[in-house]
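J.: Output the structure for:
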Amino acid sequence: MYEKMKAYIDLTRIQFGFAWPLLFCSGLFLAFANYGGLDWIIILKAVIIGLCGFEAGFILNDYVDRDRDRYDVEDSLTRYWRMFKKRPITAN
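T.: Prediction:
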């Protein structure tokens, strides 16, 4: 169970989870500033879309590139992006 949780954390890069909604919502806040109408429901939807969208993109990228990632010999970026220092899809 613990190994599976570690793999999910590495797969979704959850340690950067705060950044994706912030980046996604920055354009929304600029629109609120220009057009008015701050709406908390829209902000909540944008946060959920930002978080789930970026996480899904990471998972899709790892799945699509699984064959290429097996041959990755330079792992300095893997150590930065992954908390547990491995690629969970290619590790199997």
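J.: Extract the residue ranges of this protein that are flagged as low pLDDT.
T.: Scanning the chain with the threshold set as pLDDT under 70 gives 69-70, 72-92.
J.: Which strand or helix spans the residue nearest to the spatial centre of it?
T.: Nearest to the geometric centre of the chain sits residue 55, at 3.4 Å (Cα atoms, centre = their mean). Element membership for residue 55, per DSSP states H and E: helix 40-64.
J.: ok, and for that helix, which residues are buried?
T.: For helix 40-64, the buried set under the neighbour-count rule, 16 or more other Cβ atoms under 10 Å, comprises 46, 47, 50, 51, 54, 55, 58, 59, 62. (Glycine included, C-beta is placed from N, CA and C.)
J.: Rebuild those residues as a markdown table, extending it with distance to residue 4.
T.: Output for the buried residues of helix 40-64, formatted as a markdown table (distance: Cβ to Cβ, whole Å):
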| residue | distance to residue 4 |
| --- | --- |
| 46 | 30 |
| 47 | 26 |
| 50 | 26 |
| 51 | 21 |
| 54 | 22 |
| 55 | 17 |
| 58 | 17 |
| 59 | 15 |
| 62 | 15 |
